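> any chance you could fold what I've pasted below:
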Amino acid sequence: MMNHSARGIYGGSMAHIISVINQKGGVGKTTTVINLASALARLGYPVLVIDMDPQANASKTLGLQHPHDVLWTTAKLLSDKSEVVHSSPWYDTVEEDVTLIYGHISLAKIERLMMSMAMPGLVLRARIEQMALRDDQIILIDCPPSLSVLTVNALVASHSCIVPLESG
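Below you'll find the predicted structure:
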């Protein structure tokens, strides 16, 4: 099983972060995130899903609201100019013990803006460090179907990754 008190990026203990990535679409990244989140929650782990995909399919499936109707999205999280992020920028979902930071179509625009930053690949990691997370919490990141700055942010923030593959 996994180390539930993984050492934090800056030395403290923190949640275990897993990115689900593949630059090909249609291989089951979102399906893997949704089903794994549900299974882990049923085993008693608090789960946070971060939807990094501008298509926001994980958000549309798990969320109680449409991504356009929420204030805190991954796009806002990544683009917020303030040094301090909201300590719990997530929302409840249709699954008990699974929370969500919604994806949004504006992530495509934010990705272009991030390219002008000094260190664009470190933004998500810094934002996660500011969140009020439990040591036993598991964060699952649903990545877009590309090797983009959004995917790089997810990988830099992660302790491990899952790469779903199309069989056959």
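> quick one: the helices in the chain, in order.
For the chain, applying DSSP state H gives helices covering 29-42, 57-62, 74-79, 107-114, 123-129, 149-157.
> closest one to Y91 among those helices?
In this view, the helices of the chain are compared for proximity to Y91 by C-beta to C-beta, and helix 57-62 is the closest at 9.1 Å. For the C-beta atoms, the positions are set from N, CA and C on the backbone; glycine is no exception.
> looking at the protein, which helix or strand does the model trust least?
The helix or strand with the lowest mean pLDDT-type score in the chain, counting by mean pLDDT, DSSP states H and E, is helix 107-114 (a mean of 83).
> list the buried residues for it?
If you call a residue buried by 16 or more other C-beta atoms under 10 Å, then helix 107-114 has these buried ones: L107, I110, E111, M114.
> follow-up on the earlier one: how about the helices of the chain in CSV, adding distance to E166?
Supplementary listing: the helices of the chain in CSV, determined by distance: least, C-beta to C-beta, whole Å:
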stretch, distance to E166
helix 29-42, 11
helix 57-62, 17
helix 74-79, 26
helix 107-114, 24
helix 123-129, 27
helix 149-157, 18
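> among those, which is nearest H16?
helix 29-42 (10.0 Å).
> now do that closest one, average pLDDT.
Within the predicted structure, the mean pLDDT of helix 29-42 is 97.
> buried ones in that helix?
Of the residues in helix 29-42, K29, T30, T31, T32, V33, I34, L36, A37, S38, L40, A41 count as buried by neighbour count, 16+ other C-beta under 10 Å.
> again with stretch 62-70
For stretch 62-70, the buried set under the neighbour-count rule, 16+ other C-beta under 10 Å, comprises L62, G63, P67, V70.
> low-confidence ranges in this protein?
1-13, 80-86, 118 (pLDDT under 70).
> centre-most residue in it?
The geometric centre of the chain, computed from its C-alpha atoms, lies nearest to I50 (C-alpha atoms, centre = their mean), at 2.3 Å.
> thinking again about what came up before, identify the residues contacting the least confident helix or strand of the chain?
52-54, 73-75, 78-79, 120, 123, 144, 148-150, 153 (C-beta atoms under 8 Å, 6 or more residues apart in numbering).
> recalculate using a threshold of 6 Å.
With C-beta atoms under 6 Å, 6 or more residues apart in numbering as the contact definition, helix 107-114 has outside contacts at P54, A75, L78, S79, P120, S148, V149, L150.
> pull the distance from that helix to the chain's centre.
Helix 107-114 sits 16 Å away from the centroid of its parent chain (C-alpha atoms, centre = their mean, to the nearest Å).
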